[in-house]
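**Q** Model the following, please.
(chains A and B)
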Amino acid sequence: MTNMMRASLLQAATSTFEELTFLMPSERLDERQANASLAAEARVDFSGPMNGSLLVRVHGELMPVLAARMLGANAPGPILERDALGEIANVLCGNVLPKIAGGAAVFSLRSPAVTNGIVAPPPPAAPAAAVTLGLDCGRVEVMLSVDSDARA
Amino acid sequence: MALNVLVVDDSAVMRAMIIKTLRVSRLPVREIHEASNGREALALLDREWIDLALVDINMPEMSGEELIDRVRAMPTLADLPLIVVSTEGSETRIARIRARGAAFVHKPFTPERPREGIARLTGVRYDEHDEGFAAPGGDLDF
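**A** Coordinates of the predicted model:
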């Protein structure tokens, strides 16, 4: 993991959650956030100057919180909760890639794939960059995986 | 003049966020229509009077770029004001979008950004003193 990639991912993740959900993420987790179990994950595959995927894993009771804050409505329901997480992953991926590859690089992003925590596959063993942020009653892990030849 | 607006995005949540932004914008908006991809948008443009379309880029079925090309090729819609609302960060692709005569608003956006773009593109006015929003002329990707 390079410092530049992690710093870019942290900046993109922080601003995405702040601007889409008006929550203030923190790298310092309280006990409840640290012990929260996996609820869902969203994955966005990308291709271009480098290929890979961005994974957002949500822990704790955050799914209804994120959707409600994005929509300004109470109890949006599971379909909109999944859609909200997918959009967060999409925005985050679209914002982090130019920070890493430069503004001239053109990437193609696939539609987000959202799965719940029960069926989610294990995360990549060695992502190129990863950050964990405490948010409200839970935490999110954001992982960026790229082809090995792009990490140099 | 009140605007009939079309919001095109495959994410229902993002459509709802854009519509919420339009509702609080103090812009004169009459009707808001929704489509989840370019193909649905073209069908809607065929049967409804639309003054402005806000369009995502990455969508299934038909992308925003293809939708813009189709709209620009139609004599009755060639001058339709279009604003791309996207996570796109590539200066190359944003320049390509602008070359097609569309404005660009980056996601995530603050409420005043789409409003300023719409005011500039369509010529409609809004109360500049409401809710502390800035007046048109700020730092925009137009």
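
**Q** what number of residues lie near residue 117?
**A** No chain was given, so I picked chain A. 14 (other C-beta atoms under 10 Å in any protein chain shown). The way it works is simple: take the backbone N, C-alpha and C, and place the C-beta from them, glycine included.

**Q** you looked at the wrong chain, it should be chain B
**A** Neighbour tally, B:Gly117, other C-beta under 10 Å: 24.

**Q** From B:Gly89, how far out is the spatially closest residue to A:Pro124 that is not a sequence neighbour?
**A** Nearest residue to A:Pro124, sequence neighbours excluded (C-beta to C-beta, 6 or more residues apart in numbering or on different chains): A:Ser145, at 4.7 Å. Relative to B:Gly89, A:Ser145 is positioned 19 Å away (C-beta to C-beta, to the nearest Å).

**Q** Same check on A:Leu23?
**A** Relative to B:Gly89, and taking C-beta to C-beta, A:Leu23 is found at 23 Å.

**Q** which one of the two has more residues nearby?
**A** Using other C-beta under 10 Å as the criterion, A:Leu23 and B:Gly89 rank with B:Gly89 on top: 23 against 17.

**Q** quick one: what helix or strand has the residue lying closest to that one once chain neighbours are set aside in it?
**A** In space, and not counting its chain neighbours, B:Gly89 is closest to A:Pro98: 3.3 Å by C-beta to C-beta, 6+ apart. Element membership of A:Pro98 [criterion: DSSP states H and E] is helix A:78-101.

**Q** Check the burial of the spatially closest residue to A:Ala101 that is not a sequence neighbour by counting its neighbours.
**A** Closest residue in space to A:Ala101, ignoring its immediate chain neighbours: A:Pro49 at 5.2 Å, by C-beta to C-beta, 6+ apart. Using other C-beta under 10 Å, A:Pro49 has 14 neighbouring residues.

**Q** same deal with B:Ile83?
**A** Neighbours of B:Ile83 using other C-beta under 10 Å come to 24.

**Q** Would you map the strands across the chain?
**A** All of this refers to chain A. A:38-47, A:52-60, A:108-109, A:113-116, A:129-135, A:138-146 (DSSP state E).

**Q** Let me rephrase: I mean chain B.
**A** So, for chain B - with DSSP E - the strands run B:3-8, B:29-35, B:52-55, B:82-86, B:103-106.

**Q** so B:Glu31 makes contact with B:Leu6?
**A** No - using C-beta atoms under 8 Å, B:Glu31 is not in contact with B:Leu6; the gap is 9.3 Å.

**Q** what touches both of these two?
**A** B:Glu48 (C-beta atoms under 8 Å, 6 or more residues apart in numbering or on different chains).
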